[in-house]
Each structure stands twice: as structure tokens, then as C-alpha cells.
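*Asks:* what would the 3D arrangement of this be:
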Amino acid sequence: MSIVQVFYISRCDHSVTPTDVHRIVGSSQVRNRRRQVTGLLAYSGQHFAQVVEGSAAEVDGLLDSISGDPRHQQMKVLQRLEGVPRRFGNWSMHLVDSVARSDEIEKLFNTPDDSVPAATAAQLLDAIAADVHWHHADDLAPEERSRS
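*Replies:* Numbers count the residues shown, from 1 in each chain. Model prediction:
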């Protein structure tokens, strides 16, 4: 199966609480295991930054669902890669506390659509992934372990 990886950001609806986010992750883990979707969800208190990986049909269906979810506002896809290995293959969905990344994410919202350089998106994703590396190195896909 060819893997698609999508990295997006969205503004978090003001009514979403950390408890809500934990519930989202819990239900996502169950659904994603069945669908063979992996990834991570970063939550800054103001934003979501998420990577989802899987078949194109599953990822695109999930993105359609997320874009209609009122908890996500101004969803902006930063990166879509096709035919890549899973980066977060052992996580059906992993939650990352990204309060420290809030300013970086906000800056990307102020960049006109389609003008976020691929390198900038990759750097943010690498930084978010690095936030969890030292905690969860055994949970990472083998390719990702070599990056830590």
C-alpha cells in the first residue's frame, strides 16, 4: 500500500478543553487502528498541528471529516507527501503538548495560502516530533528512531 502523509494546522475552537483533546485522541486511536492510519496530534491550547498517514482514501476521508469538525477552524494543509514510509508507524494517534510551538504555528497562519515553503513545514514537523523523541523513542518507526 502506498502511504500518504499529510501535515496540517488549524485554529482550535475556543470551547475545546484539554479534556476534550484527550477524548479526541482516545477515539481517534480506536478508529485509526481499524483504518491503518497513524500519526500525531499536537495541541498548543490555541492550535492543532496534526500528521496523518495511511492510504490516500483513508487520509482524504479523515481530512474531509476534520475540515467539517467545528473544533477545527481555518484548517491549512502545509504538506502532502505521497509514496513515503510511515514516520509515526507505531502510533495510531499520539498526543504532543506543543504550547512551546504556538508562536511558530500562528506565524504560519499569517502566511498566505500556498506560500508556506516546504522546508518551513518540514522544520515545524521535525520540531514537534523532536518534542517527543526523548520520551518515546521505542514507539517510533525504525526510520524515525535513526533521526533521534
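
*Asks:* ok, residue 132 to residue 112 distance?
*Replies:* Between residue 132 and residue 112 the distance, using Cβ to Cβ, to the nearest Å, works out to 30 Å. Bear in mind the C-beta positions are built from the backbone N, C-alpha and C, glycine included.

*Asks:* now for the residue positioned nearest the centre of the chain: which residues touch it?
*Replies:* The chain has residue 50 as the residue nearest its centroid, 1.5 Å off, counting by Cα atoms, centre = their mean. By Cβ atoms under 8 Å, 6 or more residues apart in numbering, the residues touching residue 50 are 7-10, 39-42, 66.

*Asks:* with pLDDT added, can I get those in CSV?
*Replies:* Formatted as CSV, the contacts of residue 50 follow (pLDDT from 0 to 100):
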residue, pLDDT
7, 95
8, 92
9, 92
10, 90
39, 92
40, 91
41, 89
42, 90
66, 90
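
*Asks:* could you list which of those belong to helices?
*Replies:* Among these, the ones falling in helices (DSSP state H) are residue 66.

*Asks:* give me the subset of the contacts of residue 50 lying in strands.
*Replies:* Among the contacts of residue 50, DSSP state E puts 7-10, 39-42 in strands.

*Asks:* ok, the helix or strand encompassing residue 75: who's next to it in the sheet?
*Replies:* According to DSSP states H and E, residue 75 maps onto strand 72-82. Applying DSSP bridges, strand 72-82 is found paired with strand 4-12 (antiparallel).

*Asks:* need the CA coordinates for the strand it pairs with. CSV is fine.
*Replies:* Extracted in CSV, the C-alpha atoms of strand 4-12 (Å, rounded to 0.1, in the frame of the first residue of the first chain):
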residue,chain,number,x,y,z
VAL,A,4,0.2,9.4,2.0
GLN,A,5,1.3,11.7,4.8
VAL,A,6,-0.5,15.0,5.4
PHE,A,7,0.6,17.7,7.8
TYR,A,8,-1.9,20.4,8.6
ILE,A,9,-2.6,23.1,11.2
SER,A,10,-5.8,24.5,12.4
ARG,A,11,-7.0,27.0,15.0
CYS,A,12,-8.7,25.4,17.9
